[in-house]
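*Asks:* What would the 3D arrangement of this be:
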Amino acid sequence: MELASKYDPQNVEAKWYEYWLNNKLFSSKPDGREPYTVVIPPPNVTGVLHMGHMLNNTIQDILVRHARMEGKNACWVPGTDHASIATEAKVVNKLAEQGIKKTDLTRDEFLKHAWDWTDEHGGIILKQLRKLGCSCDWERTAFTMDEKRSEGVIKVFCDLYNKGLIYRGVRMVNWDPSAKTALSDEEVIYKDEHSKLYHLKYYIAPEDQSKVERKHEENVMHQDCKGYYAVVATTRPETIMGDSAMCINPDDNKNTWLKGLHVIVPLVGRCIPIIEDSYVDIQFGTGCLKVTPAHDINDHALGLKHGLETIDIFNDNGTLSEAAGLYVGQDRMDVRKQIAIDLQTAELMEKVEDYDNKVGYSERTNVPIEPKLSTQWFLSMQHFADIALDPVMNDEIEFYPKKYKNTYRHWLENIKDWCISRQLWWGHRIPAYYFKDQDGKPATVVAENIENALEQAKRINPSIKQADLEQESDCLDTWFSSWLWPISVFDGINNPENEEVKYYYPTSDLVTGPDIIFFWVARMIMAGYEYRQTFPFKHVYFTGIVRDNIGRKMSKSLGNSPDPLELIAKYGADGVRMGMMLSAPAGNDILFDESLCEQGRNFNNKIWNAFRLVQGWETAI
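*Replies:* Alright, predicted model coming up:
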């Protein structure tokens, strides 16, 4: 048959991909060959294909196809992540369009909507990966909330709780007022912002005026006695309603006159003490610090140390609560603008300066996070840091490029406990059950199911019935399921001795972005050593960020990110993948230009014509 002189990927790629699928050429079963295993970084079930997925999955496909050519038993496991915050937000928005509020529904009713949404949208990105030509073993497709994975997550939670590594307590957490849930430290992205530094006047309390006058007579301070006040510089004037004290450094000579006095919180009128602590930076601002224990982690530590009152002035959605007394029900950002005006009007603002600082934003919803005291579940991380650091430092697990070893080490050497609870309904519900003991005091048991919970509870209170058990309403952080991914896709948590996990685990290579080195890579290493006593993968290849040809990160808002499916339709999957790889140095950002896809298509055309030439040869027998 005479072949066309120009390669047409649309006539070739779909045909052969279907042939490969129909003949199960991507399928893998344990046999006597050397295994080569790759697990896909599971994209969010809410997601659609973007250029970062294109790069990451192209590299994985190259590695997997090369392993097949070497005669290895290549197994590339696909799947998706349930993405608690993102998916719940999508479902809430969809319900809102129908005039339904989440609060109008029971948990089961809401979850039915969430599963319906997932069933409708959840497979989109995996179908798009087929368009890209990915040679995954699609029969192995896993989902972080399917039955096997869910069973494994709950089993691990119970195990770690029984080991004393999971605990529940009141801690200062990062609060997302949009999603109305706690976040881990790793889910907070710090951004440089041009803000304002507000210098507020805290007048000396009337009952302390005589003390000030005596200090003036004793030359302890050198100001006019009339209307004495201290100045506090803050970027967050909307939090003054939660002030419990002012703090000065005991070695700060300029503020010696304030020792032992009280001041009045501007606008609020509350009298608060001036405390002394070396924590205060003498060089910052005026050296006077407002202490708001409920809304800053360092202030909270000062509050505990000095026995200060904790006044939580924010509702879960970022509006001011009744406890604030002022601006009740208004959004915190609106209050910041209004309170600045009101302070100026009341002559309680000394000045306002431009100020550059870093502000923490929710990685999920892109709103400023709010430090908040909250009862949450935590995983103690020091044990995991201890078992996960050396394998990377000693190259038992190899990072490419090597520079990311330092990033990894810094995080593990400064590890903090992981806040694993989320105030959501979509996700793995925490398997803790609350009830009353025989004396009527609160009691808690943790169990894989309510039957086991009841059995445990009866040992504490024999009269307890199943209806008396109230399960924790919070869900687990999404990453608490994905950190088990290399094990759970082979059912290695529920059935640790099964043939597949023993054959395919540890996996060979992981391809991922450096932005999730803490979220995912480090935690998978921890889980691997905890539950399989070995590494989850031998090599980690970190890709760069895909940027446009002038260096900007690709995003929908900038309008500089092409639709990968349109590129595939125009240049063919291999043409686009070739174009990506022409500009993809390991670990460095990729400056992508559509002209690279054209180069890829032209190269494919040369291969096509080479094949036409070879096909036309006649061989002598």
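
*Asks:* can you pull out the strands in the stretch 151-300 of the chain?
*Replies:* Under the criterion DSSP state E, counting those that start in this stretch, the stretch 151-300 of the chain carries strands at the ranges 166-176, 181-183, 188-204, 229-234, 245-248, 262-264, 271-276, 288-291.

*Asks:* strands paired with the first one, and their directions?
*Replies:* Strand 166-176 has the following strand partners under DSSP bridges: strand 181-183 (antiparallel), strand 370-379 (antiparallel).

*Asks:* Okay, now the unreliable bits of the stretch 501-621 of the chain?
*Replies:* 555-558, 586-587, 620-621 (pLDDT under 70).

*Asks:* where exactly do the helices run in it?
*Replies:* Remark: helices assigned in the stretch 501-621 of the chain by DSSP state H, counting those that start in this stretch are 523-531, 564-571, 573-581, 594-615.

*Asks:* Show me what the longest one is packed up against.
*Replies:* Other elements packing on helix 594-615 under the criterion 3 or more C-beta pairs under 8 Å, 6 or more residues apart in numbering; DSSP states H and E are helix 564-571, helix 573-581. Bear in mind the C-beta positions are built from the backbone N, C-alpha and C, glycine included.

*Asks:* Using CSV, lay out those together with distance to Ile464 and mean neighbour count.
*Replies:* What follows is the helices and strands packed on helix 594-615, written out as CSV (distance: least, C-beta to C-beta, whole Å; neighbours: other C-beta atoms under 10 Å):
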stretch, distance to Ile464, mean neighbour count
helix 564-571, 55, 18
helix 573-581, 59, 24
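
*Asks:* I'd like those helices written out as CSV, with distance to Thr46 added.
*Replies:* Shown next, in CSV, are those (distance: least, C-beta to C-beta, whole Å):
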stretch, distance to Thr46
helix 564-571, 17
helix 573-581, 23
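
*Asks:* what stretches of the chain score poorly on pLDDT?
*Replies:* In the chain, residues with pLDDT under 70: 1-3, 216-227, 555-558, 586-587, 620-621.

*Asks:* again, 80 this time
*Replies:* Within the chain, the ranges that satisfy pLDDT under 80 run 1-5, 210, 212-227, 285, 548-549, 553-561, 583-588, 619-621.

*Asks:* in it, which residue is closest to the centre?
*Replies:* Centroid-nearest residue in the chain, with C-alpha atoms, centre = their mean: Glu187, separated by 3.4 Å.

*Asks:* Need the nearest residue in space to Arg422, chain neighbours excluded.
*Replies:* Take Arg422 and drop its neighbours on the chain: the residue closest to it by C-beta to C-beta, 6 or more residues apart in numbering is Thr181, 4.6 Å away.

*Asks:* pretty sure that neighbour contacts Trp426?
*Replies:* No - using C-beta atoms under 8 Å, Thr181 is not in contact with Trp426, being 10.9 Å away.

*Asks:* got a list of contacts for stretch 171-178?
*Replies:* By C-beta atoms under 8 Å, 6 or more residues apart in numbering, the list of residues contacting stretch 171-178 from outside reads 85, 89, 181-185, 187-188, 296-297, 300, 314, 316-318, 332, 360, 362, 364-365, 367, 369-374, 376, 378, 419.

*Asks:* how distant is whichever helix or strand Lys458 is part of from the center of its chain?
*Replies:* In the assignment (DSSP states H and E), Lys458 maps to helix 450-460. Chain-centre distance of helix 450-460: 34 Å, with C-alpha atoms, centre = their mean, to the nearest Å.

*Asks:* what does it rub up against?
*Replies:* Helix 450-460 is contacted by residues 431, 433, 435, 437-438, 443, 445-447, 464-466, 468-469, 471 when judged by C-beta under 8 Å, 6+ apart.

*Asks:* ok, 10 Å please
*Replies:* Residues outside helix 450-460 that contact it (C-beta atoms under 10 Å, 6 or more residues apart in numbering) are 158, 431-438, 443-447, 449, 463-469, 471.

*Asks:* okay, stretch 178-189 in CSV with CA atoms only?
*Replies:* Provided in CSV are the C-alpha atoms of stretch 178-189 (Å, rounded to 0.1, in the frame of the first residue of the first chain):
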residue,chain,number,x,y,z
SER,A,178,-13.2,30.5,52.2
ALA,A,179,-13.1,26.7,52.5
LYS,A,180,-13.8,27.0,56.3
THR,A,181,-11.2,24.4,57.2
ALA,A,182,-7.8,24.1,58.8
LEU,A,183,-4.8,23.7,56.6
SER,A,184,-1.3,22.2,57.2
ASP,A,185,1.7,24.5,57.2
GLU,A,186,2.6,23.1,53.7
GLU,A,187,-0.7,24.3,52.3
VAL,A,188,0.2,28.0,53.0
ILE,A,189,1.9,29.9,50.2
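
*Asks:* Which positions in that stretch come out as buried?
*Replies:* Within stretch 178-189, the residues that count as buried by 16 or more other C-beta atoms under 10 Å are 178-184, 186-188.

*Asks:* likewise stretch 438-457?
*Replies:* Here stretch 438-457 shows 443, 445-447, 453-454, 456-457 as buried, counting by 16+ other C-beta under 10 Å.

*Asks:* Straight-line length of that stretch, end to end?
*Replies:* 11 Å (C-alpha to C-alpha, to the nearest Å).

*Asks:* Please apply the same query to stretch 253-268.
*Replies:* 28 Å.

*Asks:* what does stretch 373-392 give?
*Replies:* Termini of stretch 373-392 sit 35 Å apart (C-alpha to C-alpha).

*Asks:* From the chain's centre, how far out is that stretch? Work that out for me.
*Replies:* 15 Å.

*Asks:* Can you mark which positions in it are buried?
*Replies:* Residues of stretch 373-392 classed as buried: 373-374, 376-381, 383-385, 388-389, 391-392 (neighbour count, 16+ other C-beta under 10 Å).

*Asks:* quick one, phi psi at His410?
*Replies:* Per-residue torsions, His410: phi -60, psi -40 (degrees, to the nearest 10).

*Asks:* For it, give its distance to Met393.
*Replies:* To Met393, His410 is 12 Å away according to C-beta to C-beta, to the nearest Å.

*Asks:* So for the two, which sits in the more crowded spot?
*Replies:* Remark: of His410 and Met393, Met393 carries more neighbours, 14 against 9, as counted by other C-beta atoms under 10 Å.

*Asks:* Tell me if I'm right that the more buried one and Tyr404 touch.
*Replies:* No - using C-beta atoms under 10 Å, Met393 is not in contact with Tyr404; the gap is 11.9 Å.

*Asks:* what number of residues lie near Thr407?
*Replies:* 15.

*Asks:* list the contacts for it?
*Replies:* By C-beta under 10 Å, 6+ apart, the neighbours of Thr407 are 399, 514, 517-518, 522, 542.

*Asks:* Understood, closing this out.
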